[in-house]
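>>> could you look at this predicted model? Sequence included:
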Amino acid sequence: MQLKELRIAGFKSFVDPESVPILPGLTGIVGPNGCGKSNLLEAMRWAMGANSAKAMRGGEMDDLIFSGAAGRPARELAEVTLVLDNTLRTAPPEFNSSDTLEIMRRLKRGAGTSYKLNGRTVRGKDIKLLFADASTGANSPSLVRQGQISELIGSKPQNRRRILEEAAGIAGLNTRRHEAELKLRGAETNLERLTEVSAEVERQLDSLKRQARKARKYKELSSQISALEAYLAHLKWATAKADQETAAVSLARAKTEVERLTREAAVAETKRLEASDGIGPMRTAEAVASGKLGQARIELAKVETERKNAADLLAGLEREATRLAEDIQREQSQKEEAERTLVDARESLAALPVENDTTNKEKEVEAERVLAEAKQALETAQTDADLKSEAFAQKRAEIQALEANANAHRRRKESLEQEVQHLRGIVEALPNTTALTNELHVAREAESEAEAALKGAQNALESAEQTILDKQEAELAAKAPADEAQDALRTLETEIAGLTRLLRKAETTQSPPVVEQMRTRDGYEKAVAAALGDDLQAPTDRSASIFWAGSSVKTQALPGYAKPLTDFVEAPGELAARLSQCGVVSRSEGEELAPDLKPGQRLVTLDGHLWRWDGFTRTPAAPVAAAERLEQQARLEAAQSALGPQRQTVSELQAHYAQIRGGRIGAEEDLKQIRRNVQDATQRLDQARRNLASAKQHTDRASLKADSAKENLARVESDLHIAKEAYQTAAKPENTEDLARLEHAVAEARNVLASARERETECRGRLTDLTRNRQQAMARRNALEQDVERWTGRLESSATRVQSLVTRRAEAAREAAAAKARPESLQTQLDTLASRVDALEIERQDAADTLAARESEIREVEEAARSTNNLAMSARETLAIANAKLENATERLSEASEVAQTHFQRAPEGLLAIAKEGLDEETMATLDVRDAERQLDQLRHDRDRLGGVNMEAESEVEELSSRLGLQADEKADLTAAIAKLREGVKALNDEGRTRLLGAFEQVNEHFKALFTTLFRGGEAELRLIDADDPLAAGLEIFAQPPGKRLGTLSLMSGGEQALTATALIFAVFLSRPSPICVLDEVDAPLDDANVDRFCRMLDEMRQRTDTRFIVITHNPVTMSRMDRLFGVTMREKGVSKLVSVDLDTAEELVAAE
């Protein structure tokens, strides 16, 4: 499958569609720098599937679309098409139905890219696989981009291995291996997660088992609570019934007392009403007087406001009159100006001449006829002048040809005479060979000094590289303990966070429980948990629903050798009584002393065994949540104590590691400087060698120049003799009189032509003047008529406005005259109202005094009535209380009956039967309501202390057990899959290793042969270094050009490095030939001799393979070896064009740089 053609449109600088035929043999691409030659290679790589915009010198993929230039707008699309010859049917089966394959990649700005093959949309992966099967592709080593040779020279051995991988064709193998490793890591991660999940499920299973035990306890307590609730409801019903009877008697007594006191209150109220009868008219008189006074004050304020408004109105009218006078004056001025302008416009209109349109039209027709006659005369004169000029030119050309021939022979003779004199001077001025010999000797000494300096720099480089290795080992040695300490610190922080979260979840109140205020000696956590149990969760805050309040009851001595827990625990004082009655003993001591315990006392062991005074015993096997919480709190405190020292350790180790790492970085900087020194020494050696070669060339050139000058002198002297003879025999021009006659006739014809042209121009101008004058006169008349109409309207409008302003000024004057008398009349009205307000104020004060005396009398009578009413009210309150008690008793009796019906579905009398199911007769005989409620609260408290109870725990235990079984099966499947993936990765590694070694041997053989051919001798080889595994080894190049010792690529001169790297690229190419090879300025670092070797190698590659070569070059030697040349130009700034050129044009394009 061969590439036939590259089509490009809108890609980078190629804005217009261009087509590059890819023909057999060598195709050259030339052009000045910056014209877009490399864009052709990038277009080809992009069409093959390259996806990195940066690799194609762009910031993002949209940068590949033409972004616009001067006079050229930006494009929205970029398209690149590769045409492939598929006559041999080597394409994949799904694309193998056609002799020609057209692969097009299109990029739309902001919308992404797409691929099409023969018009059908395909995936980018399909295109990449198609080219990979054809031994090419976007990353193929046969597509050598600009600067890739320098990258290969400067790259590390590890990076050079990639070129071997391309030759071995294991890029896809590496991809499959990478995918298998990803799957392996994913399976291992899933196995780890499954293990963690299984552990978590097991923990949940243990928790559910504890929850199932709690659920059974919950059911037992609920049964006891139900029986006690039934008995308590019975007691409340009996009590409510007795209270109802007592409250009925009290209610009858209260009703009798209320009736008596109500009669007495009625008598007192009658007396109060009699005293209040005369106060109504007094209050009315006082209110009337106050109303009159208020109305008078309102009228006074209103008149004052009117007076101020009248003054303000008068001032405003005066200002309005002034403004209207100014407006009238301004409008009069504008009216006078409009009258003057209107008069001027009418006079200008009257002054315009009145002409007849028919007369003007006749003048224009006559002018057009005269112009036509002038044009005819002009054409006749032009024809005559052209004929005479042609005859004159022909005759003059004949004479000039004869004169030119004679002059050419004369110039040839004079030039050869000058050249003879010049060559004789050159022969006489040939340089002395002694100076050139001395220059050659100095160049040889400089070369020896540069070689010595390079050797010293190389020795320093080896020492610095060893130092780097030592410091890297020290860095690794310091990094390991720092990482371990960091991991330990993370573990501590994780444990602290987890314990803190667990302890927070266990908090049931807003106040901190006493367990957080206690400090327990190590090892006594289980003893404290056994002694206090869930009571550890209660706070000391008295506002909580459950709290420790402390006790002042005198404590009793513990039996035997038991030591109180107060000796081992620091706790709030509220727990002192409880802790002092809890003794710490051994197992044997506890069994012995348990019968001697007094009420309230307990014995505990360090492992959590408990003996209580009432005979209750709990062994360490019973789970105690409080013990677990105490242990968690102790672990939290220990972890927090260790956190600070661990952070200090991490800080010190990281500082030590940073110091060592800084030393390593500094050594690497020194190594970089030494490498630069080596590079400088290499460059100086290269320069010295170039100087030596230049000196040799100067010496050889001087010798050649002397021989050439003598040969040229003899040749030019012979040419001079021949030129003298030719000049003497050259013909002389004749018949110069005919030429003068023809010249005179041409002059006369041109005079006639000029007169005719002047006549035609004059007639044309007259016609133009007539037309223009008629049009200007019409335009002037229309403009003046419009001015007259506009100024007439403005004059009428101005007169109207003046009349309106005069009218408004007269109205303002009348209003001002009327407003002047208003303030004086309002001031008189103000004085009258002020006198009236004073009189009304005296009248209102007299009425108020009379009313106050009568109200004092009424207050005395009301006080007596109020006292009687208070007694009656107290009696009514007593009646209400009695009634409330009766209602309360009745309500409680009803509620008790309702509770019996609702909760127990029984009559109140049947509650005893329910209670007897859980309580014995003796217990019920000793219980009253308060005791029953207290015992019920205790049972409820015991049930609530169980916390959230999962009643479905037993079924969930079965479900989790089944889930654990399934997870065990999944774990077995994952383990088998991991083993299979590891075998697959090993098989891929073995295959890749085998293919890489095979490719290495093949590339190495080709490299040796190509190196010997290019350098005409010498030796070279490739070696795998730095690792035993070929897949991890680096590729180093060892070469020995003729006359030099064996060394690595970095020790060679610049030209030798470029030629050796080129040989390596072609060796890889020979091991896996590609249908297309593109070389972008590969010959740039080569001198003329090496360019010739490079071209000979290209010829050999063309003969040995069917590959089609495209060479982008600036070198004329390379151009001359191409089968065909194409040029890339940028005549229009920012726009590349493709042209077909010959060798001379190519050299001009390159010279255009």
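Alright, I've got the coordinates.
>>> what distance do you get for the residue nearest to residue 61 when sequence neighbours are not counted to residue 132?
If you skip the residues right next to it in sequence, residue 61 has residue 53 as its closest partner in space, 4.9 Å away by Cβ to Cβ, 6 or more residues apart in numbering. No exception for glycine: its C-beta is placed from N, CA and C like everyone else's. Distance, residue 53 to residue 132, by Cβ to Cβ, to the nearest Å: 22 Å.
>>> of these two, which one has the most company?
The residue with the greater number of neighbours, taking residue 53 and residue 132 and applying other Cβ atoms under 10 Å, is residue 132; the counts read 18 against 15.
>>> longest single helix anywhere in this structure?
Across the chain, the longest stretch assigned as helix under DSSP state H is helix 171-276.
>>> what is that helix packed up against?
Counting by 3 or more Cβ pairs under 8 Å, 6 or more residues apart in numbering; DSSP states H and E, the packing neighbours recorded for helix 171-276 are helix 822-904, helix 911-916, helix 929-945, helix 953-1015.
>>> just the buried residues of the helix or strand following the last one, please?
Next helix or strand after helix 953-1015 toward the C-terminus (DSSP states H and E): strand 1019-1025. Neighbour counts using 16 or more other Cβ atoms under 10 Å place 1020, 1022, 1024 of strand 1019-1025 among the buried residues.
>>> so who does residue 668 touch?
residue 468 (Cβ atoms under 8 Å, 6 or more residues apart in numbering).
>>> give me the element it is part of.
Assigned by DSSP H and E, residue 668 belongs to helix 625-728.
>>> what angle separates that helix from helix 929-945?
Helix 625-728 and helix 929-945 meet at an angle of 30 degrees, taking axes from the mean of the first three to the mean of the last three Cα atoms, to 10 degrees as the criterion.
>>> how about stretch 321-340 as PDB, C-alpha atoms only?
Once non-C-alpha atoms are left out, stretch 321-340 reads as follows in PDB (Å, rounded to 0.1, in the frame of the first residue of the first chain):
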ATOM      1  CA  ALA A 321     -43.700  88.800  35.000                       C
ATOM      2  CA  THR A 322     -39.900  89.500  34.800                       C
ATOM      3  CA  ARG A 323     -39.200  86.200  32.900                       C
ATOM      4  CA  LEU A 324     -42.100  86.900  30.500                       C
ATOM      5  CA  ALA A 325     -40.700  90.300  29.600                       C
ATOM      6  CA  GLU A 326     -37.300  88.800  28.800                       C
ATOM      7  CA  ASP A 327     -39.000  86.100  26.600                       C
ATOM      8  CA  ILE A 328     -40.900  88.700  24.700                       C
ATOM      9  CA  GLN A 329     -37.800  90.700  24.000                       C
ATOM     10  CA  ARG A 330     -35.900  87.600  22.800                       C
ATOM     11  CA  GLU A 331     -38.800  86.500  20.500                       C
ATOM     12  CA  GLN A 332     -38.900  90.100  19.000                       C
ATOM     13  CA  SER A 333     -35.200  89.900  18.100                       C
ATOM     14  CA  GLN A 334     -35.700  86.500  16.500                       C
ATOM     15  CA  LYS A 335     -38.700  87.800  14.500                       C
ATOM     16  CA  GLU A 336     -36.700  90.700  13.200                       C
ATOM     17  CA  GLU A 337     -33.800  88.400  12.100                       C
ATOM     18  CA  ALA A 338     -36.300  86.100  10.300                       C
ATOM     19  CA  GLU A 339     -37.800  89.100   8.400                       C
ATOM     20  CA  ARG A 340     -34.300  90.200   7.300                       C
END
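>>> give me the neighbour count for residue 6.
22.
>>> where does it land in three-state SS?
Following DSSP: H, G, I helix; E, B strand; the rest coil, we place residue 6 in the strand state.
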